[in-house]
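**Q** Sequence first, predicted model second:
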Amino acid sequence: MDQSVAIQETLGKEENCTIAVQCDVLVGAAAESRLLGLVVCASEHAIFIYSHRRMAITADDVSLEDIIPISLDFAVVEVSSPEELAVVGADTRLRVSYREDELELRLPFGSHSRCFLREVNKAWSDVCKAPSRVPTFEWLNKYHKATRRQEADEQPLGAAFTELNQRRRTEKGSLDKEKSSNSTTQKSKVYSSLEGQGVSSREDRDDLVRSSSHTPSNKAQILTMPQFALRDTLIKCELMKNEDIYTYLENFSFFLGTFNVNGQAPKESLRPWLSCTLHPPDIYCVGFQELDLSKEAFFFNDTPKEPEWTKAVSEALHPDAKYALVKLVRLVGIMLIFYVKKEHAEFISDVEAETVGTGIMGRMGNKGAAAIRFRFHHSDICVVNSHFAAHIEEYERRNQDYRDICSRLQFRQLDPTHPPLTIMKHNVVLWIGDLNYRISDLDVDDVKELISKKDFETLHSYDQLKRQIDKEAVFDGFVEGEIDFQPTYKYDTGSDNWDTSEKCRVPAWCDRVLWKGRNIEQRHYQSHMALKTSDHKPVSSMLIIGIKRINEEAYKKTFEEIVRNIDKMENECIPSVTLSQREFDFKDVRFMEHKAQTLSLLNDGQVPCQFEFIQKPNEPTYSKPWLTANPCKGFIAQGGSVDIELEIFVNRSTAPDLNFGKDQIEDILVLHLERGKDYFLSVMGNYLPSCYGTPISLLCQLREPIQDMQQMTLRDLVEMSGDQNSVNTEKPLDIPKELWMMVDHLFRNASRQEDLFQQPGLRSELAEIRDCLDTGMPDSLPGSNHSVAEALLLFLDSLPEPVVPYCFYKQCLESCSSASQCEKIISMLPQCHKNVFNYLAAFLRELLKNSASNRLDANVLATIFASLMLRSPMKQDFAEKRKTQEFFQHFLVQGSSSS
């Protein structure tokens with residue numbers, strides 16, 4: 001949630017909140033939550049401090065407490081205390097000072113906090129570069145007059161900062177004493193604009209803001225800092241090539257646990273699951289699915305179940321060790337928690353967390369993955385907790401979920417100029433979750449009989465995941481231990497009895513643990529029948545993993561030898577590469593269909609080289625938006641090679657111009673070698689026009705499939721539709737024929753379809769449906785009902801102008817509480833847009849008549865369709881989303897006059 005929107009509503013016309021971050025103000029042992037906003041006006045910056053509600057959505061949710069101008073009297077310092085767990089991936093502690101006052105803050109670890117610090121540091125650096133130009137901050141006067149007070153007894157602006165600062169001094173002793181004992185009680189990297197005259201560059205201060213307490217074991221990571229540039233990139237790569245010389249393996253125990261809790265609150269101790277080993281594990285990675293099944297969690301990603309289950313986990317960790325919580329990440333009901341033993345905490349670094357939804361339209365988070373990556377000593381590890389599509393027949397959909405997660409889940413690196421890391425670019429990948437693969441080709445009685453005989457080997461041969469892995473369709477290169485426990489799904493909640501409901505689900509091993517990497521041994525793999533909270537049983541696996549550690553003496557010798565060799569090479573040679581080809585032709589590019597070709601680079605020079613695709617003059621990026629190079633920059637060792645994927649993907653933002661020939665599949669890429677020459681690559685191709693990304697007004701004029709039309713004709717029709725004086729001799733269609741085809745199919749075949757518009761379709765079927773709509777009108781559309789439903793949503797999402805045109809958006813928000821006013825606005829829409837709106841609303845009302853079968857309700861449909869039919873021309877905040885849903889819900893009521 002972007003909370004800068006709430007701050008922006010409190011600001012003046014010329015003021016802009018560029019970024020906001022939630023933090024804790026530390027007062028002794030207490031922590032008080034605040035919202036920080038970096039505000040700029042007339043090139044002057046200040047940090048605004050707000051008290052706030054749990055989630056700041058509008059100005060009503062925040063209250064301004066203080067303002068810290070970023071001037072020569074300002075300083076920011078990152079601090080770490082040896083009394084605390086020194087987890088490099090943990091939250092960041094800062095001391096912010098202004099004149100005589102100081103505040104200690106704790107920011108949540110992650111790329112957003114780093115971005116906030118980077119922007120603050122940039123503003124501070126700009127002030128320091130021009131000390132003679134003293135900021136006046138006159139625009140802050142109105143705030144210091146406290147004109148925005150809501151209560152008569154509200155404190156004047158600045159009192160909160162002073163009070164918190166005084167309390168902090170009282171709790172921690174005098175500031176002077178703290179500074180004098182800094183060397184023994186606290187490690188701190190300090191830079192003040194008044195005291196740090198020896199620090200001359202912004203890069204030095206960048207390092208201070210983002211740095212952590214580097215231990216000897218992660219010296220090599222320091223080389224990834226951006227200020228080291230090409231030379232140290234060469235050193236880093238040579239170190240990686242020779243790491244066997246200076247590293248050795250040490251075994252550590254990893255406890256992996258997965259539990260689908262079926263929306264339940266914790267009702268029993270988790271110790272039988274999490275403390276089932278004799279010796280305490282070194283690391284815990286605990287995953288949950290279906291943490292919360294409520295609609296509020298599904299649509300707004302907010303749930304009280306998170307702290308409940310986190311507390312249950314922390315209380316159930318092995319009692320013979322002390323653990324630190326390194327990271328927690330959640331996507332709706334998919335939650336992953338990462339703990340480490342206290343004594344190992346200082347060796348954890350480079351922690352990042354990401355999520356990806358694979359629900360409807362690839363956005364909804366009811367299915368998908370939450371993942372954490374980190375470095376432990378000298379090994380890079382990625383842990384993925386996923387929840388795949390349900391239902392026994394949907395194994396292809398589960399395969400697609402796996403592929404989507406692998407391709408779309410990417411971790412940003414500490415250096416933002418480096419390309420993101422994918423799951424597979426780690427030494428070790430640990431994958432847990434409710435993968436939902438079922439047992440096929442056996443009826444429920446046969447399955448239960450094999451279970452009663454404990455013939456798990458025979459039963460496993462019918463397991464869908466095993467079959468898909470054997471076909472190399474998913475989890476290529478992964479290993480799963482032998483399964484010698486009974487299926488973990490589905491039980492009657494509160495018991496060990498198999499499902500006795502009307503559906504009588506076939507038992508299945510839905511909950512799994514797999515791994516990929518070297519030097520890994522599994523000590524146990526089991527379910528835990530003692531826990532009866534859910535209709536699933538939790539699963540655990542203990543892995544012993546060989547982690548790379550650094551021999552400091554060998555590292556030093558290797559490092560020095562590499563530096564000597566690179567110094568010699570740099571003085572002798574200029575880099576060069578050989579390209580496999582310089583022209584790339586992409587034929588028949590289609591909407592949302594990925595196409596790629598490979599460019600191979602061979603370093604035929606005498607030195608390692610660094611390459612990068614660079615911008616052409618007067619262009620904002622190195623390529624057109626539908627084209628990417630992966631990787632777009634990198635390093636090639638001497639004699640080495642690298643494959644670069646040139647990828648084309650046309651989405652809703654790039655399709656309109658390609659549909660009508662305003663843009664073509666044509667581009668020139670400039671490949672630049674550091675200290676070398678530039679190479680020019682030609683990219684060309686043809687795009688097949690699609691109804692996706694085509695305006696409603698134009699589609700209503702097309703009686704033939706769009707790919708049967710000449711591009712020049714399409715362009716003329718677009719210009720004609722924008723010309724008020726043009727005369728169209730042929731009466732347009734009431735609604736686009738493509739829209740009618742999809743809605744009619746769903747009306748006839750899917751009115752009673754369970755989870756319609758909530759379960760995704762298959763990518764291959766979506767492509768077939770698109771091609772049918774673009775090339776001809778068959779008697780029926782291919783694919784499942786879920787695929788047709790998702791194709792309809794994608795069609796609405798891709799419209800250049802939404803069903804309710806942008807110019808009506810503000811009126812819709814203002815009238816959302818009045819049904820009659822909402823209907824009046826719809827009556828004012830252009831005829832084709834009004835027809836489409838009323839047609840879709842009538843269809844959705846028909847679906848609601850069958851809600852007992854399809855499990856749809858007005859809230860769900862309003863949430864899904866309002867976001868597509870009533871889109872904002874700008875980024876939409878939470879309050880606006882609520883209003884658009886309220887607007888659209890009026891039309892889902894039976895007997896709406898708009899029908």
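**A** Ah, there it is.
**Q** Pretty sure Gly634 sits against Pro608.
**A** No: applying CB atoms under 8 Å as the test, Gly634 and Pro608 come out as separate, 11.0 Å apart. No exception for glycine: its C-beta is placed from N, CA and C like everyone else's.
**Q** For the two, indicate the residue with more neighbours.
**A** Pro608 (23 against 18; other CB atoms under 10 Å).
**Q** mind listing the strands for the stretch 1-150 of the chain?
**A** Secondary structure of the stretch 1-150 of the chain (DSSP state E, counting those that start in this stretch): strands located at 16-27, 30-41, 44-52, 62-69, 74-80, 92-98, 101-107.
**Q** nope, the stretch 601-750 of the chain is what I meant
**A** Under DSSP E, counting those that start in this stretch, the stretch 601-750 of the chain gives strands at 609-614, 627-630, 633-636, 641-648, 666-673, 678-687.
**Q** Next, format the strands of the stretch 1-150 of the chain as JSON lines and append mean pLDDT and distance to Asp657.
**A** As requested, these are exported to JSON lines (pLDDT from 0 to 100; distance: least, CB to CB, whole Å):
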{"stretch": "strand 16-27", "mean pLDDT": "87", "distance to Asp657": "30"}
{"stretch": "strand 30-41", "mean pLDDT": "88", "distance to Asp657": "33"}
{"stretch": "strand 44-52", "mean pLDDT": "90", "distance to Asp657": "37"}
{"stretch": "strand 62-69", "mean pLDDT": "89", "distance to Asp657": "40"}
{"stretch": "strand 74-80", "mean pLDDT": "78", "distance to Asp657": "44"}
{"stretch": "strand 92-98", "mean pLDDT": "85", "distance to Asp657": "43"}
{"stretch": "strand 101-107", "mean pLDDT": "87", "distance to Asp657": "41"}
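**Q** Make TSV from these and add distance to Ile381 and mean neighbour count to it.
**A** Below are these laid out as TSV (distance: least, CB to CB, whole Å; neighbours: other CB atoms under 10 Å):
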stretch	distance to Ile381	mean neighbour count
strand 16-27	27	20
strand 30-41	29	19
strand 44-52	35	22
strand 62-69	38	21
strand 74-80	23	20
strand 92-98	21	20
strand 101-107	24	20
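**Q** Which of those strands sits closest to Val670?
**A** Nearest to Val670, of all the strands of the stretch 1-150 of the chain, is strand 16-27, at 30.9 Å by CB to CB.
**Q** So which bits of the longest strand along the chain are buried?
**A** Using DSSP state E, we find that the single longest strand of the chain is strand 247-260. Buried residues in strand 247-260, counting neighbours by 16 or more other CB atoms under 10 Å, are found at 247, 252-260.
**Q** what about the strands of the stretch 1-150 of the chain, which gets the closest to Leu435?
**A** Closest among the strands of the stretch 1-150 of the chain, using CB to CB: strand 16-27, at 33.4 Å.
**Q** chain center to that closest one: distance?
**A** 21 Å (CA atoms, centre = their mean, to the nearest Å).
**Q** Export only the CA atoms of that strand, formatted as CSV.
**A** C-alpha atoms of strand 16-27 as CSV (Å, rounded to 0.1, in the frame of the first residue of the first chain):
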residue,chain,number,x,y,z
ASN,A,16,5.0,16.8,-3.2
CYS,A,17,5.5,13.7,-1.0
THR,A,18,8.0,11.7,-3.1
ILE,A,19,8.1,8.6,-0.9
ALA,A,20,6.8,7.5,2.4
VAL,A,21,7.8,4.7,4.8
GLN,A,22,6.4,3.3,8.0
CYS,A,23,8.8,3.2,11.0
ASP,A,24,9.1,2.9,14.8
VAL,A,25,10.4,5.7,16.9
LEU,A,26,12.5,4.1,19.6
VAL,A,27,12.1,5.5,23.1
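**Q** Tell me what angle that strand forms with strand 62-69.
**A** 90 degrees (axes from the mean of the first three to the mean of the last three CA atoms, to 10 degrees).
**Q** Show me the contact partners of strand 16-27.
**A** The contact list for strand 16-27, computed with CB atoms under 8 Å, 6 or more residues apart in numbering, reads 2-4, 6-8, 11, 31-41, 48, 52, 93, 103-108, 112-113, 115-116, 119, 164, 167-168, 171.
**Q** Try it again at 7 Å.
**A** Around strand 16-27, the neighbours that count as contacts under CB atoms under 7 Å, 6 or more residues apart in numbering are 3-4, 7-8, 11, 31-40, 103-108, 112-113, 115-116, 119, 164, 167-168, 171.
**Q** before we move on, back to that, summarise which helices and strands the longest strand of the chain is packed against.
**A** strand 283-289, strand 428-434, strand 511-516, strand 539-550 (3 or more CB pairs under 7 Å, 6 or more residues apart in numbering; DSSP states H and E).
**Q** Contacts for the helix or strand following the longest one, please.
**A** Elements were assigned by DSSP states H and E; along the chain past strand 539-550, the next helix or strand is helix 552-570. Around helix 552-570, the neighbours that count as contacts under CB under 7 Å, 6+ apart are 216, 231, 234-235, 238-239, 242, 245-246, 606-607.
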